[in-house]
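In: The sequence and its predicted three-dimensional model are supplied below.
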Amino acid sequence: MIQDDTRQTIKFIVWVVVIAIVAYIASVVIFYRAGTPSRNNERQISQIALKKTPIKNVDTYYHLDRGVNSYALKGTNAKGKNYYFIYLPKSKKAYIYPSNKGVSEKRVRDAYKSSHSNSQISNVNLGWYQGKAVWEVSAKTKSGNYNYVLYDFKDGNEINSVANL
C-alpha cells in the first residue's frame, strides 16, 4: 500500500498537471478568439476586392488606424498587373489604385532607410489618413525608441513624422 504522504504528493502532482493543461487550453482559446476579428476583416476585404475589382490574387494585407480605420491589400489581376485596394469599413468606401499610380512598399522602405539609418523597420502598412492613401513606416531605433513616418502613396513624399517615442 502507498503511504498517506506519497498519496497526497501524487494527488498534488495530478492536480498541478490538470490545472496546467486547463490553463494551456484556455490560453490557446483566448489567443485564437483575440485574432478572430483580424481574420474576419481580412476575409471581408478579400471578398470585396475579388468581387468588385480586377484583383484576382491577394498578395499582402495591411491595416492602419490613424483616426480612420482602414484595411488594405495588394493583389494582382489575371494578367499579373499589381493593384492596391483600400477599404474603409465605417463608411463602406473603397479605393483601388494601380501600382503605377503610387509608390511601392519597397520604395517606401528604401526612402525610410536612406533618411533613418540608425533604426530598424518593424512594420510597413498601407492605409488612409486625412482623405488620402498613405504608407506608414514604424521602426525602432538602436536606443530602443520608436519612430513613425507617414508617406504619401501617390508620390512618396513624407507627410508626417513622430520620432523617439
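Out: Perfect, I can see it now. Since the structure is predicted, the reported quantities are computational estimates derived from the model, not experimental observations. Residues are numbered from 1 along each chain as shown.
In: downstream neighbour of the longest helix seen in the chain in the secondary structure list?
Out: Criterion DSSP state H: the longest helix present in the chain is helix 4-52. Next along the chain after helix 4-52, taking DSSP states H and E as the criterion, comes strand 57-65.
In: Report all helices and strands that that following strand contacts.
Out: Helices and strands touching strand 57-65, by 3 or more C-beta pairs under 8 Å, 6 or more residues apart in numbering; DSSP states H and E, are helix 4-52, strand 69-76, strand 119-129. (Each C-beta comes from the backbone N, C-alpha and C, glycine too.)
In: Those: which one's closest to residue 99?
Out: With distances scored as C-beta to C-beta, the stretch of these nearest to residue 99 is strand 69-76 (7.8 Å).
In: send the alpha carbons of the closest one over as CSV?
Out: Below are the C-alpha coordinates for strand 69-76, written out as CSV (Å, rounded to 0.1, in the frame of the first residue of the first chain):
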residue,chain,number,x,y,z
ASN,A,69,-9.8,52.5,-39.5
SER,A,70,-8.6,51.2,-42.9
TYR,A,71,-7.8,47.8,-44.3
ALA,A,72,-5.8,47.4,-47.5
LEU,A,73,-4.4,44.7,-49.7
LYS,A,74,-2.0,44.3,-52.6
GLY,A,75,-3.1,42.0,-55.3
THR,A,76,-2.7,41.1,-59.0
